[in-house]
Structure formats: C-alpha cells, structure tokens
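1. Okay, sequence plus prediction incoming.
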Amino acid sequence: MTATAAHYDVIRKPIITEKSTMASENGAVVFEVAIDANKPQIKAAVEELFGVKVKAVNTTITKGKTKRFRGQMGKRKDVKKAYVTLEEGNTIDVSTGL
C-alpha cells in the first residue's frame, strides 16, 4: 500500500456543518477520520494530501445513537472527528470538492 493510499484511509471525508463553518473562520477544517487514527497520523495525512502546514489537531469521538431500523433496535456507528487548525496563510477549500 502506498503512503497516499494510507492517508486516504485515515481521512474519510470533510464535515460541512454550521459548527465546522464557524471553525473555518478561525483557520480550522473538520474531517471525519478513521476511529483508530491518532493525531500524528492525521497531521501527516492532511499535510501530505493538501500541501499545507498543520498547527494543531484536536479530535472528538461521537458515540453512535441507538435507533430503530425497520422496527428493530439498531445502533449507528461511532464517528471520530478531527478539528485541524492550519498555520497562518494556509487554507483548504472543502466546499468545492476534493
């Protein structure tokens, strides 16, 4: 497996919500990442894929809700989000697509 393929396994997709849009005003971008990814892996993946300098990485794990699926009880998957703060002058435009 190449290094780039491994980076795409770490970063799943950008998250575009009202909260992530407010974070982008402060130079941060929000990504959904693999549940087992750690902060140095996330930093390396973002720097390699987008060609930017990362200042900090903060992560959060949202536990999956218990919901009904066709009358049966089920559970949504746990989601790990990474708030990636970029150095001054670096930007990632996630609204146009990757």
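-> Right, received. Where do you want to start?
2. what sits up against the one helix or strand residue 40 maps to?
-> Element membership for residue 40, per DSSP states H and E: helix 39-50. With C-beta atoms under 8 Å, 6 or more residues apart in numbering as the test, helix 39-50 has contacts from 3-4, 6-8, 10-11, 29, 31, 33, 37, 52-54, 57, 59, 82, 84, 92. Using the backbone N, CA and C atoms, a C-beta is placed for each residue, glycine as well.
3. Just the buried ones out of those, please.
-> 7, 10-11, 29, 31, 33, 37, 52, 54, 57, 82, 84, 92 (16 or more other C-beta atoms under 10 Å).
4. The residues you listed into JSON lines, with extra columns for pLDDT, distance to residue 64 and secondary structure?
-> Converted to JSON lines, those look like this (pLDDT from 0 to 100; distance: C-beta to C-beta, whole Å; DSSP: H, G, I helix; E, B strand; the rest coil):
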{"residue": "7", "pLDDT": "84", "distance to residue 64": "25", "secondary structure": "helix"}
{"residue": "10", "pLDDT": "92", "distance to residue 64": "20", "secondary structure": "helix"}
{"residue": "11", "pLDDT": "93", "distance to residue 64": "20", "secondary structure": "strand"}
{"residue": "29", "pLDDT": "92", "distance to residue 64": "23", "secondary structure": "strand"}
{"residue": "31", "pLDDT": "94", "distance to residue 64": "18", "secondary structure": "strand"}
{"residue": "33", "pLDDT": "95", "distance to residue 64": "16", "secondary structure": "strand"}
{"residue": "37", "pLDDT": "93", "distance to residue 64": "17", "secondary structure": "coil"}
{"residue": "52", "pLDDT": "90", "distance to residue 64": "31", "secondary structure": "coil"}
{"residue": "54", "pLDDT": "92", "distance to residue 64": "28", "secondary structure": "strand"}
{"residue": "57", "pLDDT": "96", "distance to residue 64": "23", "secondary structure": "strand"}
{"residue": "82", "pLDDT": "96", "distance to residue 64": "18", "secondary structure": "strand"}
{"residue": "84", "pLDDT": "94", "distance to residue 64": "23", "secondary structure": "strand"}
{"residue": "92", "pLDDT": "81", "distance to residue 64": "27", "secondary structure": "coil"}
